[in-house]
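A.B. asks: Build me a model:
(2 chains)
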Amino acid sequence: MADSTPISKSSGSSEENNVSSEPVEISIILPTNAYFLSGIRDFTLTMTKNMTGFSDQWSFRFQSVVDELCNNAIEHGSASGEQIKITFVSYPNKSLEVSVEDSGTGPNKFSANQMLELFHEQKQKVQTQFLGLRGRGLAKIVSEWTDEIIFEDSSDGGLIVRVRKFMGDDEKSVGSSSASVSAVSAAAKPVNQPVVTAPPVAPIAPVSVAPVVSQPQVISPIQTIPVQQPIMQQPIVQQPVMAGVPMVQPSMSVPLGNGVNSATIVPMSAPMPAPIITPMPPQA
Amino acid sequence: MTYANISIEDLATDQADRIIKIVKISGQLDESNVDDQSKTIYELIEATPQNLHLIFDFSELDYLNSKAIGYLTDWYGKISVEGGKICIAMAKENIVDILQVVGLTQLITCYVTLDEAKTGMLS
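C.D. replies: Below is the predicted model:
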């Protein structure tokens, strides 16, 4: 079993929470049906409470963030009968990263750059008007409750929305500033070159150049930086993740409720190296 | 479909200039059910086009997504333009939190108790 260190919850609760110090990656494949989202929300809440070190308040906030990202992926980016992929990467007591990938077959498919543009439009709308049915999910809820948002074209033609929240002194308070936002377009990706982003220990914007928008915290696009020896994800270790979580071996199914049965939990065997280096797939 | 339920109760008042109803929403309002559930409220607004005062009892509401917030905002607009008013009572912390982050608490008052909400509507 992975080493686990009792950590007092910063929410002020008298409870103690066993949070493993090792990064954990969890991927879930969902059919494009809103019926399954309550199961994902339950999973997000439980996982964040038990495995990340974030407070209960932030666990509820991530529940909303994940729900909104999944809704967008289902409604806009994926056709009926397709699938979306949700990936959680927890660096306990440091950060939580969530990415949601659509299939790129939806009626309102957007590229990363189009999505960035749309995001700014929505952001302006929700800041200047309260009324209106739509547009609060990404531009308000996700934006306010994360520190980074990256739109990325996937090699399969879909869109990946990747968000990250760093744990800091303000983890119990509503963020006073919105997330930094950027896009990684397919055209900008060099073949077999990794994208390098900032380490998760502090809320630092991704390595970036050429700001194209006037808002100070918005950066686009991310510059891709060649790295000679990409550090790949640590090998899968066949061990349960942590106390309080069902004994799960990699590639085993985890019941999520609502018939969802396709989570794969991949504990990483060593602390995360910094910076995070995510190898990009070859351009199609 | 995620569970959600809406029940509506009339609040008796001697004030002839307003019709006050308590709308209790239980469960979770999400993408799978919010369009259907919202019809109940639109029917209510249609049936009482003027001076409708709604107290939303959120004591058993566990989740609402951005589309549900959008509907809530729309109901606020439709009701307030016709001399009515809406408020929220007994919402859980996570519900108040999300209402705050989208700025809705600047439009709609959130009361801790149902009695406070009733007093607010009668004043």
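A.B. asks: Identify the residues contacting B:Gly27.
C.D. replies: B:Gly27 makes contacts with B:2-5, B:60-62, as judged by CB atoms under 8 Å, 6 or more residues apart in numbering or on different chains. C-betas here are computed from N, CA, C, even on glycine.
A.B. asks: could you redo the last one with a cut-off of 7 Å?
C.D. replies: By CB atoms under 7 Å, 6 or more residues apart in numbering or on different chains, the contact set of B:Gly27 is B:2-5, B:62.
A.B. asks: Output whichever strand or helix holds it in CSV, but only the C-alpha positions, please.
C.D. replies: Using DSSP states H and E, B:Gly27 maps to strand B:19-29. Extracted in CSV, the C-alpha atoms of strand B:19-29 (Å, rounded to 0.1, in the frame of the first residue of the first chain):
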residue,chain,number,x,y,z
ILE,B,19,-49.7,36.3,-3.9
ILE,B,20,-47.1,34.4,-1.9
LYS,B,21,-46.1,30.9,-2.6
ILE,B,22,-43.4,28.6,-1.1
VAL,B,23,-41.7,26.6,-3.8
LYS,B,24,-39.7,23.7,-2.3
ILE,B,25,-37.2,22.2,-4.6
SER,B,26,-35.6,18.9,-3.4
GLY,B,27,-32.8,16.8,-4.9
GLN,B,28,-30.5,17.9,-7.6
LEU,B,29,-31.1,20.2,-10.5
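A.B. asks: Give the pairing partners of that strand; include direction for each.
C.D. replies: strand B:4-11 (antiparallel), strand B:52-57 (parallel), strand B:61-64 (parallel) (DSSP bridges).
A.B. asks: Mind putting those strands into JSON lines with distance to B:Gln28, mean neighbour count and mean pLDDT?
C.D. replies: Putting the strands paired with strand B:19-29 into JSON lines (distance: least, CB to CB, whole Å; neighbours: other CB atoms under 10 Å in any protein chain shown; pLDDT from 0 to 100) gives the following:
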{"stretch": "strand B:4-11", "distance to B:Gln28": "6", "mean neighbour count": "14", "mean pLDDT": "96"}
{"stretch": "strand B:52-57", "distance to B:Gln28": "15", "mean neighbour count": "23", "mean pLDDT": "98"}
{"stretch": "strand B:61-64", "distance to B:Gln28": "4", "mean neighbour count": "22", "mean pLDDT": "98"}
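A.B. asks: Wondering if stretch B:78-90 reaches chain A at all.
C.D. replies: No. Counting by CB under 7 Å from any CB of the partner chain, chain A has no neighbours in stretch B:78-90; the shortest distance is 10.1 Å.
A.B. asks: Let me see the backbone angles for B:Glu60.
C.D. replies: For B:Glu60, the backbone dihedrals (degrees, to the nearest 10) come out as phi -120, psi 20.
A.B. asks: whoops, I mixed them up, A:Ser21
C.D. replies: phi -90, psi -10.
A.B. asks: For it, give me the pLDDT.
C.D. replies: A:Ser21 is assigned a predicted lDDT (pLDDT) of 81.
A.B. asks: What's the local residue count around it?
C.D. replies: If you count neighbours by other CB atoms under 10 Å in any protein chain shown, A:Ser21 ends up with 16.
A.B. asks: cool, and B:Ser80?
C.D. replies: 14.
A.B. asks: For it, which non-adjacent residue is spatially closest?
C.D. replies: B:Ile86 (7.4 Å; CB to CB, 6 or more residues apart in numbering or on different chains).
A.B. asks: If the one you found is in a bridge, with which residues?
C.D. replies: Counting by DSSP bridges, B:Ile86 is bridged to B:Leu54.
A.B. asks: List the contacts of it.
C.D. replies: Counting by CB under 7 Å, 6+ apart, the residues that B:Ile86 touches are B:54, B:56, B:75-76, B:79, B:108.
A.B. asks: just A:Asp153 next, same as before
C.D. replies: Contacts for A:Asp153 (CB under 7 Å, 6+ apart) come out as A:111-112, A:159, A:184-186.
A.B. asks: Filter those down to just the buried residues.
C.D. replies: A:111-112, A:159, A:184-186 (16 or more other CB atoms under 10 Å in any protein chain shown).
A.B. asks: I'd like the list of those that fall within strands, please.
C.D. replies: A:159, A:184 (DSSP state E).
A.B. asks: Quick check: which of the buried ones among the contacts of A:Asp153 has the minimum pLDDT.
C.D. replies: A:Ala186 (64).
A.B. asks: related to what we said a few turns ago, same question for the strand holding B:Gly27, mean pLDDT?
C.D. replies: Here the average pLDDT along strand B:19-29 is 97.
A.B. asks: List the buried residues in it.
C.D. replies: B:19-29.
A.B. asks: From the centre of chain B, point out the most distant residue.
C.D. replies: Distance to the chain centre peaks in chain B at B:Asp14, reaching 21.9 Å (criterion: CA atoms, centre = their mean).
A.B. asks: and A:Val195, what pLDDT?
C.D. replies: pLDDT, read off for A:Val195, is 36.
A.B. asks: Check the offset of stretch B:108-119 from the chain's centre.
C.D. replies: For stretch B:108-119, the separation from the chain centroid amounts to 11 Å (computed by CA atoms, centre = their mean, to the nearest Å).
A.B. asks: typo on my end, stretch B:7-25
C.D. replies: Chain-centre distance of stretch B:7-25: 12 Å, with CA atoms, centre = their mean.
A.B. asks: neighbouring contacts of that stretch?
C.D. replies: The contact list for stretch B:7-25 (CB under 7 Å, 6+ apart) reads B:4, B:6, B:41, B:44, B:48, B:51-58, B:60-61, B:118, B:121-122.
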